[in-house]
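Trainee: Please work out how this folds:
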Amino acid sequence: MSVRSTLPAQALPNWRRAVLKVGSNLLAADGGGLTPCYAEALAGFIATSHAAGRQVVLVSSGAVAAGCALLRKHAADGDGLAARQALAALGQAPMIGLWQSLSARPVAQVLLTHDDLRNRRRYLNARATLRELLALDVLPVVNENDTVAVDELKLGDNDNLAAIVAALVDADLLLIASDVDALYSADPRRDLAATPITYVPVLTPSILAMAGGSGSAAGTGGMRTKLEAAAKAAAAGIPTALFNGRDATTVHALQHDRLHGTLIAAASSRMQARKYWLRHAPAAPGRIRIDAGAVQALAGGRVSLLPGGVLGAEGEFHRGDLVEIVDVNGRSVARGLCQYGAVELRRLAGRHSREIEGVLGYSYGAEVVHRDDLATVSDMEATA
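Mentor: As a prediction, the model looks like this:
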């Protein structure tokens, strides 16, 4: 079935930072090892995007498939969890090597488990690392840490991981490449009457019911996990594009912001979704008191809270906690994810950001609360 003959081109949403998920079925040859056959075009899209001043984080499967190819004689014994974890460990290096061979930029491997993203402190550490890699013009290649993960490996959840990473790095777009043209009304391999769905404004139960199971021997995910990932991204204000990574014309069209595939809309703008979450998520039992200058700066919008504006910390909270920010009279000014715990903030109150490492012996960054992790009272009223 030709993408060009069945799927009209549609415009991609405006984006500056995207997460691209590439499945095993695009990287692993049938019964063999990794191949650049389809990865090369995708790497070209990444390079073109970078040249245009955009940023891409790559979430890549393929480690287990690469490990299986290297130990072909043990392939029959690779169904157990421990065996698959060993194969993932063996295949990580060739998988990263493939992407480095196709990239003129340095490639960095980032291994995550869902536990890393559920724990707020590790979540912030992972985000800081990815942001720094992007700032250094490095291509981050993210994968689940299959060698130690248990539930994640059994679920084969790189689609959902990609959605979580998209929220983690404040992406504007999630791109999911597979060997399927788009979302269809039914499985097109079994139902000749199946029709492609090019635009999904809302992921309803009836849309989710259209998804089938795993589509290939190399991959462990299917259309269902892709729609689950799109739902997570939509809730974070991020649209998702599903497309056929095996079709060179489709991949080339992405370089011109044209999509031959399915576009799944975001539930709201990324900023609205972020502010809504910050407004409604439970806060830690503590508060940050700030001076009048900091109150005025935050009211101006899109600024971070720095230690110089902090008067003190009340109660006990830890790095990564959502904390209430109040003025000298105790009136709520904002809420935000704090980069430092209460004990640390008491030592940093009133200090310049450059003094942080000298006072603590380490630094998690110049900001007490980064502007992307902060919602002011006016923000919260707008999303109420």
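Trainee: isn't residue 129 right up against residue 109?
Mentor: No - look at residue 129 against residue 109 with Cβ atoms under 8 Å: they stay out of range, at 11.2 Å. From N, CA and C alone the C-beta is placed, and that goes for glycine too.
Trainee: how about the strands of the stretch 101-250 of the chain, start to end?
Mentor: 107-112, 139-144, 173-178, 183-184, 196-197, 199-200, 240-244 (DSSP state E, counting those that start in this stretch).
Trainee: Can you tell me which of the ones you listed is nearest to residue 122?
Mentor: strand 107-112 (8.8 Å; Cβ to Cβ).
Trainee: show me what contacts residue 303?
Mentor: By Cβ atoms under 8 Å, 6 or more residues apart in numbering, the contact set of residue 303 is 297, 371.
Trainee: what residues are up against the one residue sitting closest to the centre of the chain?
Mentor: Note on the chain: the residue nearest the mean C-alpha position is residue 165, at 1.7 Å, using Cα atoms, centre = their mean. Residue 165 makes contact with 19, 57, 59, 112, 130, 142, 171 under the criterion Cβ under 8 Å, 6+ apart.
Trainee: Of those residues, which belong to helices?
Mentor: Of these, the ones assigned to helices by DSSP state H are residue 130.
Trainee: Now for the contacts of residue 165: which two are most distant?
Mentor: Taking Cβ to Cβ as the measure, those span a maximum distance of 15.1 Å, between 112 and 171.
Trainee: what's the most buried one of the strands of the stretch 101-250 of the chain?
Mentor: Stretch with highest mean neighbour count among these: strand 173-178 (a mean of 28; mean count of other Cβ atoms under 10 Å).
Trainee: Alpha carbons of that strand, in PDB - could you do that?
Mentor: Written as PDB, here are the backbone C-alpha positions of strand 173-178 (Å, rounded to 0.1, in the frame of the first residue of the first chain):
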ATOM      1  CA  LEU A 173       6.200  17.300  19.100                       C
ATOM      2  CA  LEU A 174       6.400  13.500  19.400                       C
ATOM      3  CA  LEU A 175       7.300  11.600  16.200                       C
ATOM      4  CA  ILE A 176       6.800   7.900  16.100                       C
ATOM      5  CA  ALA A 177       8.300   6.000  13.200                       C
ATOM      6  CA  SER A 178       7.200   2.400  12.500                       C
END
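Trainee: What strands flank that strand, and is each parallel or antiparallel?
Mentor: Its sheet considered, strand 173-178 pairs with strand 17-22 (parallel), strand 240-244 (parallel) by DSSP bridges.
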